[in-house]
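Undergrad: model this:
(one chain, ligands or ions: 1)
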Amino acid sequence: MTSSRFIGSANFGFAQYAQEEIRRLFPGVKFRYLEAGEVFLIDAPAPAEEVTAALLEHEPIFLRHIQPVQHELPLGKTADDLMRLIQFMQELRPFAAGEKVAVQARKVKEVKFAYTPFGVKDALDPILEQEQSVEPVVRGADKIISVYLTDGTCYFGISTPYENLSDWNGGMVRYRKEEEQVSRAKFKLLEAEERFHLDLSQFRSALDIGAAPGGWTSLLLERDLQVTAVDPGALHPSLSGHPNLTILQKNAGDVVFAEGAFDLLVCDMSWSPKQMSKLVAELLPALETGGVAVITVKLMHKKPFQTVRETLENLEPQLVLLKAKQLFHNREELTLYLMKEEEL
Ligand SMILES: C[S@@+](CC[C@H](N)C(=O)[O-])C[C@H]1O[C@@H](n2cnc3c(N)ncnc32)[C@H](O)[C@@H]1O
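TA: Numbers count the residues shown, from 1 in each chain. Predicted coordinates for the structure are as follows:
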């Protein structure tokens, strides 16, 4: 086949940027919104394997999730749809025995169905388990069945979590809120850890710039790091007195550290990217060679690609970009994952 169809998802309001990035890879591509500003059909003028390979190699910043569309089934929005889907799966039998399979169903928000997306999983799981000897799972799947329900059409595809860019349904990362959680911002660093395959516990000593109220700091402490938290604002009282924590209640422009004091630098300052990146650049001697930086970049006036370029201009050549990604928990911002290179 010389063309292929996918469904792409981005954070609300950022789909146009994801489309721009995909268009750069496939100039003849066509898009149609399924959910305004967020979820869209992609008709690419290339075979599915080629599209997937290109998206994995040049992963778009704003493409949160992608699923292939290999089959399109008619929907009446009644319970009969589930029977048809069951029958379809019974005929398809696409899995090897013992594979872990997750059914991930979504629907367009406005349209009412006689069943919920979860009802699709409930209907298919027993068939997969009893008739096809696969293990139905929610996370950690070998394969994902993606089902997207719209007014009249069910878009169906099977792929790996890696090919989908995320193993969460639609890339919507749902962490459970802990009772003692200091701030929701903690989810951003948790998601960065997962998305960038970053094992935070492998680091020794972290500098957290713009740390208050302390969600990121608390995660770094949970990962057993020594943490230096810098913020003119106060950290949550539950963090004070932690033996591995040094709190500097100061502006990041007023602190100085020994060269190579840290192997991890994180910064979640809600500030203009220009000012933020200049401040971070001044603190970079404190990051050892080979050290890693995770930095949130505010998208102040939209123009996100220009913002990323300008931010990187201030951080390079000391830091090299490993990945830029708008995470599900990023609102009007995105996250940079960088590494400090050896000086030439
Ligand atoms: C979004 S909050 C950080 C949330 C934090 N990551 C967490 O997990 O709880 C942004 C913080 O950046 C701090 N900030 C802004 N400008 C700063 C500066 N020049 N130096 C240090 N901190 C700054 C603010 O005081 C604010 O507490």
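Undergrad: What is the neighbour count of the nearest residue to Trp271 once chain neighbours are set aside?
TA: Among residues not flanking Trp271 along the chain, Lys298 sits closest, at 6.8 Å (Cβ to Cβ, 6 or more residues apart in numbering). The way it works is simple: take the backbone N, C-alpha and C, and place the C-beta from them, glycine included. Here the number of neighbours of Lys298 (other Cβ atoms under 10 Å) works out to 19.
Undergrad: my guess is Lys298 meets Pro273, correct?
TA: Yes - between Lys298 and Pro273 there is a contact at 5.8 Å, judged by Cβ atoms under 8 Å.
Undergrad: what do those two both touch?
TA: With Cβ atoms under 8 Å, 6 or more residues apart in numbering applied, the contact sets of Lys298 and Pro273 do not overlap.
Undergrad: one step back: which residues are in contact with the residue nearest to Trp271?
TA: Listed by Cβ under 8 Å, 6+ apart, the contact set of Lys298 reads Ser270, Trp271, Ser272, Pro273, Met276, Glu332, Glu333.
Undergrad: any chance you could read off phi and psi for the fifth one?
TA: With angles defined as degrees, to the nearest 10, Met276 sits at phi -60, psi -50.
Undergrad: So for it, what's the pLDDT?
TA: Note on Met276: pLDDT of 96.
Undergrad: Quick check: it touching Cys267?
TA: Yes - taking contacts as Cβ under 8 Å, Met276 lies within contact range of Cys267: 6.8 Å.
Undergrad: what's the overlap in contacts for those two?
TA: Ile295.
Undergrad: Enumerate the beta-bridge partners assigned to Trp159.
TA: No Trp there; residue 159 is Ser. Beta-bridge pairing for Ser159 (DSSP bridges): Ile144.
Undergrad: ok now the helix or strand bottoming out on mean pLDDT in the chain, how far from the chain's centre?
TA: Ranked by mean pLDDT, DSSP states H and E, the weakest helix or strand in the chain is helix 132, scoring a mean of 93. Taking Cα atoms, centre = their mean, to the nearest Å, one finds the center of helix 132 at 31 Å from the center of the full chain.
Undergrad: can you list the residues that contact it?
TA: Met89, Arg93, Phe95, Ala97.
Undergrad: taking the mean pLDDT, what do you get for the very next helix or strand once past it?
TA: Going down the chain from helix 132, the next helix or strand is strand 135-136, by DSSP states H and E. Strand 135-136 carries an average pLDDT of 97.
Undergrad: Name every strand pairing with strand 135-136 and say which way it goes.
TA: By DSSP bridges, strand 135-136 pairs with strand 100-107 (parallel).
Undergrad: could the contacts of helix 132 be laid out in JSON lines, adding distance to Glu191?
TA: Converted to JSON lines, the contacts of helix 132 look like this (distance: Cβ to Cβ, whole Å):
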{"residue": "Met89", "distance to Glu191": "31"}
{"residue": "Arg93", "distance to Glu191": "35"}
{"residue": "Phe95", "distance to Glu191": "29"}
{"residue": "Ala97", "distance to Glu191": "33"}
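Undergrad: Return the member of the residues you listed nearest to Glu38.
TA: Met89 (27.6 Å; Cβ to Cβ).
Undergrad: Assign a three-state SS to the closest one, would you?
TA: helix (DSSP: H, G, I helix; E, B strand; the rest coil).
Undergrad: Local confidence estimate at it?
TA: pLDDT, Met89: 95.
Undergrad: Count residues in the vicinity of it, would you?
TA: Quick note: Met89 (other Cβ under 10 Å) scores 20 neighbours.
Undergrad: ok, of the contacts of helix 132, which come out buried?
TA: Using 16 or more other Cβ atoms under 10 Å as the burial test, the contacts of helix 132 include Met89, Phe95 as buried.
Undergrad: Provide a list of residues in contact with the nearest residue to Thr153 once chain neighbours are set aside.
TA: In space, and not counting its chain neighbours, Thr153 is closest to Glu72: 5.4 Å by Cβ to Cβ, 6+ apart. Glu72 makes contact with Thr153, Cys154, Tyr155, Phe156, according to Cβ under 8 Å, 6+ apart.
Undergrad: What's the local residue count around the closest residue to Leu124 other than its chain neighbours?
TA: In space, and not counting its chain neighbours, Leu124 is closest to Val103: 5.0 Å by Cβ to Cβ, 6+ apart. By other Cβ under 10 Å, the residues close to Val103 number 24.
Undergrad: hey, what's Val103 bridged with?
TA: Beta-bridge partners of Val103, as defined by DSSP bridges: Ile145.
Undergrad: got a list of what it touches?
TA: Val120, Lys121, Leu124, Asp125, Leu128, Pro136, Ile144, Ile145, Val147.
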